[in-house]
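**Student:** sequence and predicted model, in that order:
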Amino acid sequence: MVITSLDFDKPGKQQGFLQVPYSHNLGGWANVMIPITVVARGKGPTVLVLGGNHGDEYQGQVAIMKLARELEAEKVRGRMILIPSLNFPAARASTRLSPLDGMNMNRAFPGDAEGPVTSQIAHYLRTVLFPISDAVIDIHSGGRSMEFVPCSHMHLVPDREQRRRMYDAMLAWNTEFCFIYADIAGTGLLPVEAEDQGKTVVTTELGGGECIPASVHRIAQSGLKNVLVHLGALKGRVTPRAKPPILTQALNREDYILAPESGIFEIALDLGAKVKRGQTVGWIHHLERPDRAPERIVAASSGYLITMRAPCLTQQGDCVAVIAKQVSEREVLTA
């Protein structure tokens, strides 16, 4: 059901839209119009660059919009497909989930060509854009729910050659921390669908919140360009790392600390701090019973505090912190 006037095989630079059918109370023949830029020239890889998988994550949206404006065909080897705000309804509403159907773009795969808007977009990615791409870059942050140490990250895919490609691309973002993560909140993830199709998948968690420091915008924008150069899609020289990254991973459920009670969350440590098993990570203060001692949140494992909950007001079951242990390159590539 998704259509576009763009010709993905045409050389040069094109700006257009993905048009997703959507009828609403004041529009019987309406479409959701998702901006998309295609820049192609000569032989080379096809790289699909996505921001706004979640609408309240702005770092990638800004980085891709800036790149799309400045990019000319002469700078490209192969083809770049740039979608700054993939979940466009959520981006306009500044929400994590789409306000049109309540769906999470990052849990919508494999999608449905005749389903809700989010499901149609997922189906189009799976059946049209992923198959023509060699690499997929999906830029995330913690949005309004989490605050991350800025990091590039990846899954441990079973195929070792694919894992090596993803690992090298992850490092090319030049973040201080790199993070190997697991999925504890369901299936249907965009990166997993692309990985299952054998693509080199690069993902990030670049801070969070709506007040984004200039330093984080710089990491998003310089890292994106460096990865594109590394992949061979953008002309230029790869900027080498200043020092080896801190490689971390959180693959066990106990690494993802969930709130045992509702209340006001107080973090006890700075992001990026080293944490020992049994150490206090924070407290949950009881809003209705301030006379009660707060609930102590304790680390079940040792490592680094990679992310923490951003809103202080917390519901039982919300993730309040993630502790990721340090690992070696060999562990990442041979596990």
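**Tutor:** Now that the structure is in, tell me what you want to look at. Numbering: from 1, shown residues only.

**Student:** was I right about L67 contacting L82?
**Tutor:** Yes - using C-beta atoms under 8 Å, L67 is in contact with L82, at 6.5 Å. In short, each C-beta sits where N, CA and C put it, glycine included.

**Student:** quick check: neighbours shared by those two?
**Tutor:** V49 (C-beta atoms under 8 Å, 6 or more residues apart in numbering).

**Student:** can you pull out the helices in this protein?
**Tutor:** For the chain, the helices defined by DSSP state H cover 59-70, 88-93, 117-124, 160-171, 190-196, 214-231, 329-334.

**Student:** report all helices and strands that the first one contacts.
**Tutor:** Counting contacts by 3 or more C-beta pairs under 8 Å, 6 or more residues apart in numbering; DSSP states H and E, helix 59-70 packs against strand 46-50, strand 78-83, helix 214-231.

**Student:** if I look at the residue lying farthest from the centre of the chain, how far off is I297?
**Tutor:** Here the chain reaches farthest from its C-alpha mean at D291, the gap being 40.2 Å by C-alpha atoms, centre = their mean. Shown here: D291 relative to I297, a distance of 20 Å by C-beta to C-beta, to the nearest Å.

**Student:** swap in L67?
**Tutor:** 39 Å.

**Student:** which phi and psi values does the residue nearest to the spatial centre of the chain adopt?
**Tutor:** Central residue of the chain (C-alpha atoms, centre = their mean): H140, 2.6 Å from the mean position. The phi/psi pair for H140 (degrees, to the nearest 10) reads phi -120, psi 160.

**Student:** I'd assumed L206 was in contact with it.
**Tutor:** Yes - counting by C-beta under 8 Å, H140 touches L206, with 7.3 Å between them.

**Student:** who touches both of these two?
**Tutor:** With C-beta under 8 Å, 6+ apart, H140 and L206 have common neighbours G60.

**Student:** on that earlier part again, nearest to S145, out of the helices and strands packed on helix 59-70?
**Tutor:** Across those, S145 has its closest neighbour in helix 214-231 (16.3 Å, C-beta to C-beta).

**Student:** now do that closest one against helix 160-171, angle only.
**Tutor:** Interaxial angle of helix 214-231 relative to helix 160-171 (axes from the mean of the first three to the mean of the last three C-alpha atoms, to 10 degrees): 140 degrees.

**Student:** ok now helix 214-231, how far from the chain's centre?
**Tutor:** Here helix 214-231 is found 14 Å from its chain centre; the criterion is C-alpha atoms, centre = their mean, to the nearest Å.

**Student:** dump it to CSV, keeping only the CA atoms.
**Tutor:** C-alpha atoms of helix 214-231 as CSV (Å, rounded to 0.1, in the frame of the first residue of the first chain):
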residue,chain,number,x,y,z
ALA,A,214,25.7,20.2,21.5
SER,A,215,28.4,17.5,22.3
VAL,A,216,25.8,14.7,21.6
HIS,A,217,24.7,16.3,18.4
ARG,A,218,28.3,16.4,17.3
ILE,A,219,28.8,12.7,18.1
ALA,A,220,25.6,11.9,16.1
GLN,A,221,26.6,13.9,13.1
SER,A,222,30.4,13.1,12.9
GLY,A,223,29.8,9.5,13.8
LEU,A,224,27.2,9.0,11.0
LYS,A,225,29.5,10.5,8.4
ASN,A,226,32.5,8.4,9.6
VAL,A,227,30.4,5.2,9.4
LEU,A,228,29.3,6.1,5.9
VAL,A,229,32.9,6.6,4.9
HIS,A,230,33.9,3.3,6.5
LEU,A,231,31.1,1.5,4.6
